[in-house]
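K.L.:
sequence and predicted structure, then a few things I'm wondering about:
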Number of protein chains: 2
Amino acid sequence: MDRIFENMPLAEKQVDSTQVFDGRLLHVYKDNIILPNGHKSTREYIKHLGAVAVVAMDDKGRIAVEHQFRYPFMAELLEIPAGKLDYADEDHLEAAKRELREETGIEAEHYEYLGPFYPTCAYSTEVIHLYWATGLSFGKRELDYDESINVEMMDIKKFVTMILDGKVPDGKTQSAVLQVWARMNKKQ
Amino acid sequence: MDRIFENMPLAEKQVDSTQVFDGRLLHVYKDNIILPNGHKSTREYIKHLGAVAVVAMDDKGRIAVEHQFRYPFMAELLEIPAGKLDYADEDHLEAAKRELREETGIEAEHYEYLGPFYPTCAYSTEVIHLYWATGLSFGKRELDYDESINVEMMDIKKFVTMILDGKVPDGKTQSAVLQVWARMNKKQ
């Protein structure tokens, strides 16, 4: 570490908090705050239970990739299997196993925790817990009533090239696959 | 590509759209939709102008990293310089140059586009355009009135290790730095 440009106080303080939208998925809040410089401001953000995402890799180095329609983009995206926690204190690993099994039919012998991923730290409390699963077996899946997902196995090296070529815009997928790739290259 | 598990129709159709919250930062919509299986459902999401983020690397392989307080987490996070577009059609590269200069005082000779990053494709239209900037010179910065940011230069190899150790939870930072790291290792 080097060349610290400033040493400003950074912490903001909550004055009060108001829920401004309570939807099926989104729970939006607007808080009055005090900035570190003493001025008043507001912060708008989403409270989110948290989520999990899994890089499921078979013994040939292929990973499970989903084709899923994402409404905000009106487009089909390539993503690793992922899903929301069912409740706030749910065990992340159990949630990862459930989402992988339900969406792809895959069960895995080994799970390695990659770490937390904050998708939008400016306006959501969401944390996605990233996992690397190996030792795969393939069974039947159970999609939720409002999920439509196609799954394929893709070579991780080719998929990394697709990420570097800008063809995989989903953020959690970029980071989780590149983390696995960096760990694989360290181990070699 | 291999082993396609299903071949479901994926596209969802909009029936109507209602704005449910119009804030300073967040613009939230709730749409009625038709699922690919013909059933009705709803989608809640945020409309976002888009943003940029920059891995600014000096000739010693050090990158500019910001310490910033993030209210949804009530915590100080490590992030690469980033910011929202000023208007929908703003040129991404010009926005990247502006945000880097305002937040860090850094100007860069060369910009390489890494690609788009969708932080939360399930519930936001936000796209963060990722850049790799080199040929740095260091000047004065101009923070917005509600921004408090400290900046330091950190060795990219050490920073990648911190990411792999789960110590850098910010998503755009994980992906952009790992993309630069993967490109650097390809070039060697």
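P.N.:
Nice, I can see it.

K.L.:
count of residues packed around the nearest residue to A:Thr120 once chain neighbours are set aside?
P.N.:
Using CB to CB, 6 or more residues apart in numbering or on different chains and skipping the chain neighbours, the partner closest in space to A:Thr120 is B:Pro119 (4.7 Å). Every residue, glycine included, has its C-beta placed from N, CA and C. B:Pro119 is flanked by 28 other residues according to other CB atoms under 10 Å in any protein chain shown.

K.L.:
next: A:Ala88.
P.N.:
Look at A:Ala88: counted by other CB under 10 Å, it has 9 neighbours.

K.L.:
measure the residue nearest to it when sequence neighbours are not counted to chain B for me?
P.N.:
Leaving aside its sequence neighbours, A:Ala88 sits nearest to A:Leu49 (CB to CB, 6+ apart; 5.3 Å). Per CB to the nearest CB, to the nearest Å, A:Leu49 is found 13 Å from chain B.

K.L.:
so what pLDDT did A:Leu49 get?
P.N.:
Turning to A:Leu49, the model gives it a pLDDT of 95.

K.L.:
what strand or helix carries it?
P.N.:
Under DSSP states H and E, no helix or strand contains A:Leu49.

K.L.:
contacting residues around the most centrally placed residue in chain A?
P.N.:
Nearest residue to the geometric centre of chain A (CA atoms, centre = their mean): A:Ile128, 3.9 Å. A:Ile128 is in contact with A:50-53, A:82, A:116-119, A:172, B:171, counting by CB atoms under 8 Å, 6 or more residues apart in numbering or on different chains.

K.L.:
sort out for me which of the residues you listed are in helices.
P.N.:
Residues of the contacts of A:Ile128 located in helices (DSSP state H): A:172, B:171.

K.L.:
how about the contacts of A:Ile128 in CSV, adding distance to A:Lys60?
P.N.:
Shown next, in CSV, are those (distance: CB to CB, whole Å):
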residue, distance to A:Lys60
A:Gly50, 32
A:Ala51, 28
A:Val52, 24
A:Ala53, 21
A:Ala82, 23
A:Pro116, 29
A:Phe117, 26
A:Tyr118, 32
A:Pro119, 30
A:Lys172, 23
B:Gly171, 29
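
K.L.:
inside strands: which ones of the contacts of A:Ile128?
P.N.:
The members of the contacts of A:Ile128 that map onto strands under DSSP state E are A:51-53, A:82, A:116-117.

K.L.:
the residue nearest to A:Thr120 contacts A:Gly171, correct?
P.N.:
Yes - in this structure, B:Pro119 is within contact of A:Gly171 by CB atoms under 8 Å, at 4.8 Å.

K.L.:
give me the number of residues near A:Met8?
P.N.:
14.

K.L.:
buried stuff in stretch A:20-37?
P.N.:
For stretch A:20-37, the neighbour count (16 or more other CB atoms under 10 Å in any protein chain shown) marks A:21, A:23, A:26-31, A:33, A:35 as buried.

K.L.:
remind me which residues of chain A are low pLDDT?
P.N.:
A:1-4, A:187-188 (pLDDT under 70).

K.L.:
what ranges does chain A have for its strands?
P.N.:
A:13-22, A:27-34, A:40-46, A:51-56, A:62-70, A:75-79, A:82-84, A:106-117, A:128-138, A:149-155.

K.L.:
against chain B, how distant is A:Leu85?
P.N.:
With CB to the nearest CB as the criterion, A:Leu85 and chain B are 14 Å apart.

K.L.:
kindly report the same for A:Glu112.
P.N.:
In terms of CB to the nearest CB, A:Glu112 sits 11 Å off from chain B.

K.L.:
what is that residue paired to in the beta sheet?
P.N.:
A:Trp132 (DSSP bridges).

K.L.:
ok, now A:Ile106?
P.N.:
Beta-bridge partners for A:Ile106, by DSSP bridges, are A:Phe138.

K.L.:
just the one 10 residues further on next, same as before
P.N.:
Following DSSP bridges, A:Pro116 is listed with bridge partners A:His129.

K.L.:
distance of the residue located most distally from the centre of chain A from B:Ser148?
P.N.:
What lies farthest from the middle of chain A is A:Gly38; by CA atoms, centre = their mean that is 34.5 Å. Applying CB to CB, to the nearest Å, the value for A:Gly38 to B:Ser148 is 11 Å.

K.L.:
sweet, I'm off.
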